[in-house]
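Q: just the structure for this:
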Amino acid sequence: MIFHPHHTDLKGTLLLPGSKSESNRALMIAGYGGFDAGFKNMSAAHDTVLLQKLLCQIRTGKSNIVDCEDAGSVCRFLLTYLCSHEGDWVLTGSERLRQRPIADLVDALKRLGADIQYFEKDGCLPLKIKGAKVSGGSVPVSLDRSSQFASSLLMAAPMWLNGLELELTGSLRSLPYVDMTLSLMRWFGAVAVRDGNNIRVASKPYENRPLTIAPDWSAASYWYEMAALSTSCDLLLKDLHLPSRQGDAAIVGMMRDLGVETIIEPEGVRLKKTQCKNQPPRFDFSSTPDLFPAVAATCAGLCREARFTGLATLHLKESDRVVAMANELQKMGAVLESVSDDECRLVPPSDLPRFEDSNPLLIDTYNDHRVAMAMTPFSLLVGAIRMDHPEVVAKSYPGFWEDFRKVL
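A: Alright, predicted model coming up:
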């Protein structure tokens, strides 16, 4: 599939998909609460559809093998759920998911009395789980590798006899994701209080309440990138509002430095192209790692030198996103120099190449939806591009290509 826009003016109205992060957390809360997850604007992302399917499989007992494919959040959330759900279970996933660390969550659950055994390699899937009632109690958990370890424990806690006292250890930079979890828990009646790095959750069952899932700010980041790289832009992202419980709404401030103005309107947010700031930008992705691909690609497209920090967890995503983006941006003449495991520097291209339909630029996706979507806006600058696996966007944004064609 070749992508080659006929113009570089961005204009129109888009309704972004429901937040995958909010949808998956709401599904887990409904699962623990035992009520129907009939929420409005649920994400159609593959991960969310998979989580719905697996929750149904677990409830009905159709199979004790729970295959999370390549979905990290699904795996982490279901691990705690299976420990609390009577039965003998096997939790597994794709080859890449079996490489991603899970020991911090396993260790925390074992301290709470869960029965978990590693099948192959310590610290990784697959796992053998003997589910039973978990009483709860006090436990520390590290946020160094993923905030989802903490979120997984927190969402189960209202159903535990003793609730949970959770001490967050390690780097606290991913707290926005934990706060999102707590916000949704409270919406469904949970009593949960965070005081710095300590969280207390009372034993109090969830209440069935209506919920409309907000559009996905992570998905919005690619349209901010499009706006920055366009010739002109008048794009309304419908029903996207501020403030937001999603940490990735930080894209508003990041892209302001890169020449995109956000106008708040009753219908949503409108994106307008403005002037970039003159000084080389420096971005910290400690709290918002999913924004790195779009922001790094934007800086390269604008031929702006930049510094990026807070990258440590990006090496553990669907791909090593720092390496993947470095490889793809090099095709544009940009160099992503590693300063440390947590920091890199972008040396921009002196000039961008051009490609025609007869000889398009091949973009490798690394089976990573965010790499694919972050590299797509380069078609506004370099001409024809071709993706090796464009279908990977279905993991979080199934309608991405349709929306791309709608406004260009």
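
Q: not counting its neighbours along the chain, what's nearest Asp403?
A: Leu14 (5.3 Å; C-beta to C-beta, 6 or more residues apart in numbering). Using the backbone N, CA and C atoms, a C-beta is placed for each residue, glycine as well.

Q: who does that neighbour bridge with?
A: Beta-bridge partners for Leu14, by DSSP bridges, are Leu237.

Q: try Val269
A: Leu237, Ile264.

Q: next, count neighbours for it.
A: 23 (other C-beta atoms under 10 Å).

Q: now for the residue nearest to Asp403: which residues touch it?
A: Residues counted as contacts of Leu14 (C-beta atoms under 8 Å, 6 or more residues apart in numbering) are 223, 235-238, 403, 406-407.

Q: surely Phe308 is in contact with Ser286?
A: No: the pair Phe308 / Ser286 is not scored as a contact, 10.6 Å apart, by C-beta atoms under 8 Å.

Q: comparing these two, which residue is more hemmed in?
A: Remark: of Phe308 and Ser286, Phe308 carries more neighbours, 24 against 17, as counted by other C-beta under 10 Å.

Q: secondary structure class of the more buried one, three-state.
A: Following DSSP: H, G, I helix; E, B strand; the rest coil, Phe308 is assigned to strand.

Q: name whatever forms a beta bridge with it.
A: Per DSSP bridges, the residues bridged to Phe308 are Phe283, Cys344.

Q: can you tell me how far it is from Ile363?
A: Counting by C-beta to C-beta, to the nearest Å, the gap from Phe308 to Ile363 is 20 Å.

Q: now do Phe3
A: Distance, Phe3 to Ile363, by C-beta to C-beta: 9 Å.

Q: just Val106 next, same as before
A: Separation of Val106 from Ile363 (C-beta to C-beta): 36 Å.

Q: element containing the nearest residue to Val252 once chain neighbours are set aside?
A: Setting aside the residues directly before and after it, Val252 is nearest to Thr262 in space (C-beta to C-beta, 6+ apart), at 4.8 Å. Assigned by DSSP states H and E, Thr262 falls within strand 260-265.

Q: what does Asp234 give?
A: Counting by DSSP H and E, Asp234 is part of strand 232-238.

Q: following that strand, which helix or strand comes up?
A: Where DSSP H and E defines the elements, the next helix or strand beyond strand 232-238 is helix 251-256.

Q: I'd like to know which elements that following helix is packed against.
A: Contact here means 3 or more C-beta pairs under 8 Å, 6 or more residues apart in numbering; DSSP states H and E; on that basis helix 251-256 packs against helix 217-229, strand 260-265, helix 292-301.

Q: please render the ones you listed as JSON lines that adds distance to Ser396 and mean pLDDT to the earlier fields.
A: Below are the helices and strands packed on helix 251-256 laid out as JSON lines (distance: least, C-beta to C-beta, whole Å; pLDDT from 0 to 100):
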{"stretch": "helix 217-229", "distance to Ser396": "7", "mean pLDDT": "97"}
{"stretch": "strand 260-265", "distance to Ser396": "21", "mean pLDDT": "97"}
{"stretch": "helix 292-301", "distance to Ser396": "12", "mean pLDDT": "97"}
